[in-house]
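>>> Structure, please.
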Amino acid sequence: MWPDALRAARLLATDPHGFGGAVLRAGPGPVRDRWLDGLRAALPPGTPWRRLPPGIGDDSLLGGLDLAATLAAGRPVARAGLLAEADGGLIVMPMAERLPPGIAARLAAALDTGTASESPARFGLVLLDEGEGDETVAEALADRLAFRIDLSGVGIADCDTPAVAADTDPGAPELDPLGTLCRLAEALGVASLRGPILAARVARALAAEEPVGTDAITAAARLVLAPRAMRLPTPEEAEAPPPPSTEDGPTEDTTDPAPLDAAEDRVLEAVRAAIPANLLDQLLAGGVRLATAKAGRVGQPAAARTGRPIGSRRGDPRRGRLDLLATLRAAAPWQALRRAEGETRPIVVRRDDLRIRILRQRTETTTVFCVDASGSAALERLAEAKGAVELLLAEAYVRRDRVALVAFRGSTAELVLPPTRSLTRAKRGLSGLPGGGGTPLAAGIDAALSVALGVRRSGSRPVIVLLTDGRANVARSGEGGRARAGAEALQAARALRTAGLPALVIDTGARGEGARAVADAMAARYLALPRADAGLLSVAVRAAL
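Prediction:
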């Protein structure tokens, strides 16, 4: 790998924008530093070399208003962005596997157009992939880079291997180099057209002024196509088919188009040898598991643009909402000193005075109603329980939160209503809820817990509202027996408590013994339905949230 890595570095230094760049998978250490030093040494003198800091803003990346210079000069002062500063050179991005999708999209657009905010920005990218397992950089960005180099298994002793000398004999000229590379890409399962196009550029660079030969094709396929391989070619693809028989006259051609000939077969074998061992194992095991971009806030700070103001802090108003009063309050004590320097402006505001608002964004809440529709509840006050749920549904609708409905009766529990914001659907599902049968309380709590955990994984905040009389008489297996059913119900309640989910238990029974025990087991707030009017219910739900 090390000679091929040095060869890729030498090629990238000749035309950073033409080759796009490289994805370097290696942890921090002397091996990665040695490769980066070799790349930088191969660049012509004066070539720009920039590092892309994580969390960079659009103004710093693409260019815009220089805030400090504008405030000092009293007039707009523009500045070039990092992409324009790197025109003709390279940009190094550490921890590229955590690159925010927005910045990845802007980098991809700049690579395609060669401009950033109408300024020339023809640069190459070096993405330092430090991910573990299946963590990887965004495929949309990596697909635009010619080289993918994996130095994770290379030691410092391997770095003493000499670089591959430049080829003086490109080999026998190829009649159709691009067609050969396209057939090789198809045999290796490379779906994107950028793969053979970038490989053709590498082959042309290796051949220099000479016609593109077999050796240049082989080297380009090893450097560009082999790391992108998604499958191993079958023996039928690697063998040239026998010539068709003409004894019975011409026959219809039913073979696959563009089979690999003997020369391409030799190239393919050389490319197969360049496939990393771990990738080869994955291919033999049935294919490569592609890592996709994950939703969430990994690698980027959570900056709320909307919400309730809870204070202010020093910052750039282009990354937040300017707090004008706090800014003037910070600048006021310094006005006499600043005007003494000959300043004629009535109010002098500098960058250190700028304050932006700290906003707290309300997290969406999903209320999971778990309703006891068993015979004991139906005999007593199931209608009142439905009315209480409708009151809570109205409160959730006003807050624009989601609701879900789980009902348990007979021997099982079912999800009557998945999480939704539709008050009409929720009321319809609740009105059609039948009553009767046993009380599988443990199954109901388990179902509500499962729904709540799914809601929490999706980024919403769940709260469980359990309406029951607490008199369980059906176990998880569907068998009757109050002792076993009650023990399993308490066990399920303790599991909910362990999960750390907020809960509210509304007792629909008359005696209030079983429901209170369940509420204590799950560390939930307890309310008796006779004393739970609309106001108390809404207050209790807000407290549980």
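>>> Count the neighbours of Arg222 for me.
Arg222 has 22 neighbouring residues, counting by other C-beta atoms under 10 Å. To be clear about C-beta, it is placed using only N, CA and C from the backbone, and glycine gets the same treatment.
>>> In this structure Ala108 contacts Glu139, no?
No - with contact defined as C-beta atoms under 8 Å, Ala108 does not reach Glu139; the gap is 10.6 Å.
>>> Which one's more surrounded, those two?
Ala108 (18 against 14).
>>> what's the closest non-adjacent residue to the more buried one?
Spatial nearest neighbour of Ala108, excluding adjacent residues (C-beta to C-beta, 6 or more residues apart in numbering): Leu141 at 5.3 Å.
>>> Next, count neighbours for that neighbour.
23.
>>> same question, Ala80
Count around Ala80 with other C-beta under 10 Å applied: 17.
>>> Would you mind listing the residues in contact with it?
Contacts for Ala80 (C-beta atoms under 8 Å, 6 or more residues apart in numbering) come out as Gly63, Ser119.
>>> pLDDT wise, what is it at?
Reading off the confidence values, Ala80 has pLDDT 82.
>>> Now the phi/psi pair for it, please.
The phi/psi pair for Ala80 (degrees, to the nearest 10) reads phi -80, psi 150.
>>> Could you measure from it over to Thr412?
From Ala80 across to Thr412, the span is 66 Å (C-beta to C-beta, to the nearest Å).
>>> One more: Val348?
The spacing between Val348 and Thr412, counted by C-beta to C-beta, is 72 Å.
>>> Show me where the stretch 101-250 of the chain dips below the pLDDT cut-off.
Scanning the stretch 101-250 of the chain for pLDDT under 70 picks out 132-135, 161-172, 232-250.
>>> all helices for it, in order.
Taking DSSP state H, counting those that start in this stretch as the test, the helices found in the stretch 101-250 of the chain are 101-113, 139-142, 177-187, 194-207, 214-220, 235-238.
>>> what's the most buried one of these?
Among the helices of the stretch 101-250 of the chain, helix 214-220 has the highest mean neighbour count (mean count of other C-beta atoms under 10 Å), at a mean of 25.
>>> show me where pLDDT drops low in the stretch 251-400 of the chain?
The stretch 251-400 of the chain contains residues with pLDDT under 70 at 251-307, 341, 360-362, 376-389, 392, 396-397, 399.
>>> related to what we said a few turns ago, now the helices of the stretch 101-250 of the chain as a markdown table including distance to Leu128?
Output for the helices of the stretch 101-250 of the chain, formatted as a markdown table (distance: least, C-beta to C-beta, whole Å):
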| stretch | distance to Leu128 |
| --- | --- |
| helix 101-113 | 14 |
| helix 139-142 | 12 |
| helix 177-187 | 26 |
| helix 194-207 | 20 |
| helix 214-220 | 24 |
| helix 235-238 | 35 |
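>>> mind checking which of the ones you listed is nearest Pro462?
helix 101-113 (26.5 Å; C-beta to C-beta).
>>> now the closest one, how far from the centre of its chain.
Its chain's C-alpha centre and that of helix 101-113 lie 16 Å apart, by C-alpha atoms, centre = their mean, to the nearest Å.
>>> from memory the residue nearest to Ala108 sits against Leu127, does it?
Yes - in this structure, Leu141 is within contact of Leu127 by C-beta under 8 Å, at 7.1 Å.
>>> Please identify every residue contacting each of those two.
Residues touching both Leu141 and Leu127 by C-beta under 8 Å, 6+ apart: Leu99.
>>> thinking again about what came up before, looking at the helices of the stretch 101-250 of the chain, which is nearest to Met95?
With C-beta to C-beta as the measure, helix 101-113 is the member of the helices of the stretch 101-250 of the chain nearest Met95 (12.0 Å).
>>> Output the closest one as PDB, restricted to C-alpha atoms.
The C-alpha coordinates for helix 101-113 follow below in PDB (Å, rounded to 0.1, in the frame of the first residue of the first chain):
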ATOM      1  CA  PRO A 101     -23.900  17.500   5.400                       C
ATOM      2  CA  GLY A 102     -24.300  21.200   4.600                       C
ATOM      3  CA  ILE A 103     -20.500  21.800   4.400                       C
ATOM      4  CA  ALA A 104     -20.100  18.600   2.400                       C
ATOM      5  CA  ALA A 105     -22.700  19.800  -0.100                       C
ATOM      6  CA  ARG A 106     -20.900  23.200  -0.500                       C
ATOM      7  CA  LEU A 107     -17.500  21.500  -1.000                       C
ATOM      8  CA  ALA A 108     -19.000  19.200  -3.600                       C
ATOM      9  CA  ALA A 109     -20.600  22.100  -5.500                       C
ATOM     10  CA  ALA A 110     -17.300  24.000  -5.400                       C
ATOM     11  CA  LEU A 111     -15.400  20.900  -6.800                       C
ATOM     12  CA  ASP A 112     -18.000  20.700  -9.600                       C
ATOM     13  CA  THR A 113     -18.000  24.400 -10.600                       C
END
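>>> just checking, what packs against it?
helix 58-62, helix 139-142 (3 or more C-beta pairs under 8 Å, 6 or more residues apart in numbering; DSSP states H and E).
>>> now those as TSV including distance to Thr468?
Output for those, formatted as TSV (distance: least, C-beta to C-beta, whole Å):
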stretch	distance to Thr468
helix 58-62	53
helix 139-142	49
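>>> mind checking which helix or strand Ala452 is in?
Counting by DSSP states H and E, the element that carries Ala452 is helix 441-457.
>>> what lines up beside the next helix-or-strand element following that helix in the sheet?
Sequence-wise, the next helix or strand downstream of helix 441-457 (DSSP H and E) is strand 461-468. Paired neighbours of strand 461-468 in the sheet (DSSP bridges): strand 365-372 (parallel), strand 503-507 (parallel).
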